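Chemist: Dropping the sequence and predicted coords here.
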Amino acid sequence: MLRNVSNLDLQLLRIFSAIVECGGFSAAQAELNMSQSTISTYIATLETRLGYRLCDRGRAGFRLTEKGERLLESIQTLYKALDSFCGDAQALAGRLVGELKVGLVDHLATLPGARIADAIARFYTRDQEVNFRFFVTAPTELERGVIDGQLDMAIAYFGRRLPSLEYTELYAERIVIYCGRRHPVFARDDPGKEEIEAFDWVRRGYILPDTLLPVRPTRFSATAHHMEAVMHCILAGTHLGYLPVHCAEPWVQRGEMRALAPEAFGYEVTHSLITPVGRPRSEALDAFIGDLLRTHGG
């Protein structure tokens, strides 16, 4: 009984198919460049491997058995599958495949320098069949995800440099102190630094270098890991907080927020692409990183 298909079995099946196409052993000799006795030996070997008779041959002529006819149908199905496999295998030459797990911080779509959408659009002009999975979370979680292998790459501002990660700078972001319309300092023209520091603040839930902050609050009564939560606290009028200018701008336009001494108390950060040091990259990841760097002028 045939349990595993070897190269010899495939050769025997091709000989059998050629015999059927030619209409018999004698007619197949020229096609196969074999003697009739050699062809007979091959078919007998195939029948032994299969465990049943494929054809009747003799003075009455060549005729397939019912099992021979069924096998011929299966061989044709096999050939179609092989042709499909060869086509698929050839189509993969130069095609990017797989899955890309990308981590981002929230509220990047409104940052003019962040051209992530352009990089995605550029990637989709490639010959690719890649499934993107995007995750939005805090920078510390993004670092952990890349190190643990849950993410292939991430983009954010990172206030530290870890030795297990490679950092590539992409674009800058301006950060300013904001207060909401209901906050008591909203109507003040020129609040001082000490007064600003003394109010309740909403703290960012990830590490920021002390050297960045022109104002160092002493009262934190809220912690937020996403920009959305920071905006809610500021809009409530209960807290002051740092926000990227592009995030606050729509609220400033509506008169719901204002910046406090933006030139004196603001600061700038640079967002970086992070990937793990020493971990092999897929072709798809290399291509997307290349698109990110090109769209950001790198």
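Modeler: Structure's in. What do you need?
Chemist: and the lengthiest strand in the chain, average pLDDT?
Modeler: Under DSSP state E, the strand in the chain containing the largest number of residues is strand 165-180. Throughout strand 165-180, pLDDT has a mean value of 96.
Chemist: Show the subsequent helix or strand relative to that strand.
Modeler: helix 193-198 (DSSP states H and E).
Chemist: to the chain's geometric centre, what's the distance from that next one?
Modeler: Helix 193-198 has its average C-alpha position 45 Å from the chain's average C-alpha position, going by CA atoms, centre = their mean, to the nearest Å.
Chemist: Use 10 as the first number from now on
Modeler: Sure thing, new numbering starts at 10, so read that last one as helix 202-207.
Chemist: Now it: buried residues?
Modeler: Counting neighbours by 16 or more other CB atoms under 10 Å, one finds that the buried residues in helix 202-207 are Ile205. C-beta here means a position set from N, CA and C on the backbone, and glycine is covered the same way.
Chemist: and for it, what are the contacting residues?
Modeler: With contacts defined as CB atoms under 8 Å, 6 or more residues apart in numbering, helix 202-207 is touched by Ile186, Val194, Val224, Arg225, Pro226, Thr227, Arg228, Leu249, Leu269, Ala270, Phe274.
Chemist: Can I get that helix in CSV? Just the C-alpha atoms.
Modeler: What follows is helix 202-207, C-alpha atoms only, in CSV (Å, rounded to 0.1, in the frame of the first residue of the first chain):
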residue,chain,number,x,y,z
LYS,A,202,6.3,80.1,37.5
GLU,A,203,5.9,79.5,41.2
GLU,A,204,2.1,80.1,41.0
ILE,A,205,1.8,77.7,38.1
GLU,A,206,3.8,75.0,39.9
ALA,A,207,1.6,75.3,43.0
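Chemist: quick one: average pLDDT of that helix?
Modeler: The average pLDDT within helix 202-207 is 88.
Chemist: continuing past it, what's the next helix or strand?
Modeler: Trace forward from helix 202-207 with DSSP H and E and the next one is strand 209-213.
Chemist: Report all helices and strands that the helix or strand that that following strand is followed by contacts.
Modeler: Using DSSP H and E, the helix or strand that directly follows strand 209-213 along the chain is strand 228-233. Strand 228-233 sits against strand 209-213, helix 236-244, with contacts defined as 3 or more CB pairs under 8 Å, 6 or more residues apart in numbering; DSSP states H and E.
Chemist: ok, the residue nearest to Gly214 when sequence neighbours are not counted to Ile48 distance?
Modeler: Leaving aside its chain neighbours, Gly214 sits nearest to His234 (3.7 Å; criterion: CB to CB, 6 or more residues apart in numbering). Note on His234: its distance to Ile48, by CB to CB, to the nearest Å, is 76 Å.
Chemist: Also Leu41?
Modeler: As judged by CB to CB, Leu41 and Ile48 stand 6 Å apart.
Chemist: Sketch out the low-pLDDT regions of this protein for me.
Modeler: Per-residue confidence for the chain (pLDDT under 70) gives these ranges: 10-13, 96, 99-100, 216-221.
Chemist: For it, which residue occupies the most central location?
Modeler: The residue lying closest to the centre of the chain (CA atoms, centre = their mean) is Leu109, at 1.3 Å.
Chemist: any idea which of the contacts of helix 202-207 has the most stuff around it?
Modeler: Most neighbours among these, by other CB atoms under 10 Å: Ile186, with 27 neighbours.
Chemist: The residue lying farthest from the centre of the chain in helix, strand or coil?
Modeler: Centroid-distance maximum for the chain: Arg68 at 65.8 Å, with CA atoms, centre = their mean. The three-state label given to Arg68 by DSSP: H, G, I helix; E, B strand; the rest coil is coil.
Chemist: how close does it sit to Thr50?
Modeler: 20 Å.
Chemist: returning to that earlier point: ok, the contacts of helix 202-207 vs Gly214, which is closest?
Modeler: Set against Gly214, the nearest of the contacts of helix 202-207 by CB to CB is Pro226 (14.7 Å).
Chemist: What's the separation between the closest one and Ala126?
Modeler: Counting by CB to CB, the gap from Pro226 to Ala126 is 34 Å.
Chemist: domains in this protein, as residue ranges please.
Modeler: The chain breaks down into these domains under automatic domain parsing: 16-100, 105-179+280-304, 182-278.
Chemist: Would you mind telling me which of His234 and Ile48 has more residues around it?
Modeler: The neighbour count for His234 versus Ile48, taken as other CB under 10 Å, is higher for Ile48 (21 against 18).
Chemist: where exactly do the helices run in the stretch 60-209 of the chain?
Modeler: 75-100, 125-132, 148-157, 202-207 (DSSP state H, counting those that start in this stretch).
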